[in-house]
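# Pasting a predicted model and its sequence here:
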Amino acid sequence: MADKKHIADSLEDLGEFGLIKRIKDQIEIKNPSTIKGIGDDAAVLNPAGKHQVITTDLLLEGIHFDLTYCPLKHLGYKAVAVNLSDIYAMNARPKQITVSIGVSGKFTLRAIDELYAGMMLACERYGVDLVGGDTSTSLTGLTISITAIGEADPDRLAYRSGAKVNDIVCVSGDLGGAYMGLQLLEREKRVLQGHNEGRPEFDGYDYILERQLKPEPRADVVDFLEKINVVPTSMMDVSDGLSSEMLHICEQSGVGCRIYEEKVPIDHVTRNMADELSISPIVAALNGGEDYELLFTIDQKDYQKFQSAPGPNIYAIGYITEADKGRRMITTGGDEMDLVAQGWKAFN
Ligand code: ADP
Ligand code: MG
């Protein structure tokens with residue numbers, strides 16, 4: 001027999017306005033700069049003397065995420081987390097987001113609740129207010145667009161364009177893990193689809209699965225930089241792989257660089273998975289992406305400040321050179337090779 005309550009609570013019965021009210025009712029505004037959230041024609045914000053930074057991501061089912069192995073709650077969390085990462089990458093702090101969704105008929109209300117539960121969890125964790133959005137039906141699966149708005153003191157903003165010769169290149173954590181997590185999920189998906197013998201095998205790989213499914217933006221690094229009074233000369237987050245991001249910084253700053261292969265942090269679980277799949281770990285770190293660590297450059301005189309207080313591990317992986325020296329990695333064997341932006345291709 002059909003469950004009456006379930007029918008009454010279906011997405012269709014609830015309708016667009018019912019859904020918006022359901023979302024609004026879960027929200028408690030946290031930030032003084034949020035004057036008006038959901039419920040009017042537009043949100044009202046008051047940044048009070050700060051510079052505002054704004055960033056948008058568009059996520060399409062089948063292109064950016066695969067619902068076969070990405071639970072909706074994780075998807076909601078990750079969608080917000082990676083958007084906030086772009087705000088932190090400006091050395092700013094996120095304060096508000098808007099969320100727009102296109103939902104196909106195959107989605108249940110429970111599925112939407114799961115998606116929003118994940119998004120709310122990320123908002124809670126990073127002190128962000130969900131202040132608006134838009135809702136539509138979709139013919140082609142799930143679409144999520146998130147806009148994040150952040151604030152920074154004007155003199156603390158970090159652009160991609162400020163790296164100077166002799167600056168130290170730093171990264172906030174290990175690389176390649178999210179990519180190896182994705183490779184593992186793809187492999188196990190093939191197993192589930194019966195293209196392979198055996199059962200999904202995830203034991204011992206929690207770390208890289210977490211890196212792929214539940215990335216955390218490095219708010220702690222932005223807090224630490226403020227505490228030790230350092231403004232990076234340039235900064236960005238690692239979403240497309242170290243090579244690609246390093247080339248962006250060099251290009252926009254008009255400089256070159258040397259990165260030491262042996263200094264690039266790679267977790268042992270990442271190495272194990274790479275070995276198993278016959279992929280070189282450094283290739284995963286250079287080209288994998290989605291690690292959402294912060295890549296930044298600092299003036300040499302600021303380097304010892306990182307030891308002045310307890311804080312997150314920061315890895316010095318190389319230095320900035322004149323542009324005509326090229327953008328290269330020095331391999332463990334002592335050879336030099338050009339950094340090449342393989343990244344993952346948005347339009348392949
Ligand atoms: P309009 O017709 O002016 O676009 P809507 O009915 O779409 O108004 O939106 C009403 C309010 O609900 C607005 O504050 C809007 O930002 C918010 N809103 C709509 N959809 C969502 C959503 N998916 N998530 C959060 N807020 C939403
Ligand atoms: Mg609308």
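Good, I have the coordinates. Ligands and ions are numbered 1, 2, ... in the order given.
# The residue in the stretch 1-150 of the chain positioned nearest to ligand 1: which element?
Of all residues in the stretch 1-150 of the chain, the one sitting closest to ligand 1 is Gly132 (2.7 Å; CB to the nearest ligand atom). Heads up, the C-betas are built off the backbone N, CA and C, glycines and all. Assigning secondary structure by DSSP states H and E places Gly132 in strand 129-137.
# List of residues touching that strand?
16, 19-20, 23, 27, 29-31, 34, 36-38, 42-43, 45, 95-105, 119-120, 123 (CB atoms under 8 Å, 6 or more residues apart in numbering).
# buried stuff in that strand?
Neighbour counts over strand 129-137 (16 or more other CB atoms under 10 Å) mark 129-133, 135 as buried.
# Stretch 63-71 now?
Buried-residue list, stretch 63-71, by 16+ other CB under 10 Å: 64-65, 69-70.
# Nearest to Val222 among the residues you listed?
Nearest to Val222, judged by CB to CB, of the buried residues of stretch 63-71 is His64 at 25.0 Å.
# Could you grab the helix/strand/coil label for the residue nearest to that closest one when sequence neighbours are not counted?
Spatial nearest neighbour of His64, excluding adjacent residues (CB to CB, 6 or more residues apart in numbering): Leu58 at 8.0 Å. Here Leu58 takes the strand state, with states given by DSSP: H, G, I helix; E, B strand; the rest coil.
# And Met235, by the same measure?
Assignment for Met235 (three-state DSSP): strand.
# Same question for Leu84.
With three-state DSSP as the basis, Leu84 sits in helix.
# give the contact list for it.
Leu84 is in contact with 94, 97, 122, 126, 128, 148, 150, 217, 219, counting by CB under 8 Å, 6+ apart.
# again with Asp237
85-86, 88-89, 217-218, 245, 292-295.
# Which of those sits closest to Ile266?
Lowest distance from Ile266 to these (CB to CB) belongs to Glu293, with 11.7 Å.
# A helix includes Thr285, no?
That one is not Thr; residue 285 is Ala. Yes: Ala285: assigned to a helix according to three-state DSSP.
# That one reaches Ser244, doesn't it?
No: taking contacts as CB atoms under 8 Å, Ala285 lies outside contact range of Ser244: 11.7 Å.
# now Val191: how far from Tyr69?
Val191 sits 11 Å away from Tyr69, taking CB to CB, to the nearest Å as the criterion.
# And Gly141, by the same measure?
Taken as CB to CB, the span from Gly141 to Tyr69 is 15 Å.
# Glu251 now?
35 Å.
# Contacts for stretch 102-115, please.
Stretch 102-115 is contacted from outside by 9-11, 14, 19, 71-73, 75-76, 101, 135-144, using CB under 8 Å, 6+ apart.
# filter these down to the ones near ligand 1?
101, 135 (CB under 6 Å from any ligand atom).
# tell me the pLDDT at the closest residue to Phe306 other than its chain neighbours?
Leaving aside its chain neighbours, Phe306 sits nearest to Ile314 (5.4 Å; criterion: CB to CB, 6+ apart). In this model, Ile314 is scored at 97, pLDDT.
# Please report how far the closest residue to ligand 1 within the stretch 201-348 of the chain lies from Gly15.
Nearest residue of the stretch 201-348 of the chain to ligand 1: Pro217, at 20.5 Å (CB to the nearest ligand atom). According to CB to CB, Pro217 and Gly15 sit 34 Å apart.
# who's more crowded, these two?
Using other CB atoms under 10 Å as the criterion, Pro217 and Gly15 rank with Pro217 on top: 26 against 11.
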